[in-house]
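Visitor: following is a predicted model, sequence given first.
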Amino acid sequence: MFFATIFVLLAVSALADSQSQLYSFSSPVGSGSGSPYTITGEGRITAIRVWEYYSNYIRGFQFRYGFIWSPVAGYQYGQPQEMELRDGEAIVQISGKHAHYLQSVVFTTNMGRSLYAGQPSGHSFNMYPTNAQAELRFISGRVHGGITSIGAHWAVADPTFNSTAGH
């Protein structure tokens, strides 16, 4: 009975460890003042827009999931920096600089492409998933006149789900 209990506990622990490896969270960076935001949607991210204030700090974000654009987190200002992802492409790293505002941001994909926005000044940050197969699923943070913080949520995508297929 004792060995059966130990076996069950080990099996449950191993299952929990394997499940936790599918999801990870990169803690928010920045001052964190203002109102909270979250950008999320159904399926995989297929495009990104980033608005910056006069080549300075980041004003807003928007993601497209499949063919549907999310609401804007923050503010639209002028022309956004935009990147459309290719089939099989996913965001696997977010880096940049922060002070009171998110000063700059770089979204990097598994195909080595990057979208750069803002002005690189302040404290550096680098976010990536704990699982090499995971990708960016959504972001959250705070906004007050501009983006004051950003955190990243990573997960392994369901390989059978293709959000860019036109069914």
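Guide: Okay, I see it.

Visitor: need the contact list for residue 145.
Guide: By CB atoms under 8 Å, 6 or more residues apart in numbering, residue 145 lies in contact with 34, 101. C-beta here means a position set from N, CA and C on the backbone, and glycine is covered the same way.

Visitor: make that residue 28, sorry
Guide: By CB under 8 Å, 6+ apart, residue 28 lies in contact with 140, 141, 142, 149, 150, 151.

Visitor: and it, how close does it get to residue 148?
Guide: Noted for residue 28: a distance of 9 Å to residue 148, by CB to CB, to the nearest Å.

Visitor: shared neighbours of those two, anything?
Guide: Taking CB under 8 Å, 6+ apart as the contact rule, residue 28 and residue 148 both touch 141, 142.

Visitor: one step back: any chance of the contacts of residue 28 in a markdown table, with pLDDT, neighbour count and distance to residue 134 too?
Guide: Listed next are the contacts of residue 28 as a markdown table, based on pLDDT from 0 to 100; neighbours: other CB atoms under 10 Å; distance: CB to CB, whole Å:
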| residue | pLDDT | neighbour count | distance to residue 134 |
| --- | --- | --- | --- |
| 140 | 98 | 17 | 16 |
| 141 | 98 | 24 | 19 |
| 142 | 98 | 21 | 24 |
| 149 | 98 | 22 | 21 |
| 150 | 98 | 27 | 17 |
| 151 | 98 | 19 | 15 |
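
Visitor: show me what contacts the spatially closest residue to residue 127 that is not a sequence neighbour?
Guide: Distances taken as CB to CB, 6 or more residues apart in numbering place residue 26 nearest to residue 127, at 3.6 Å, with adjacent residues excluded. By CB under 8 Å, 6+ apart, residue 26 lies in contact with 94, 127, 128, 151, 152, 153, 154.
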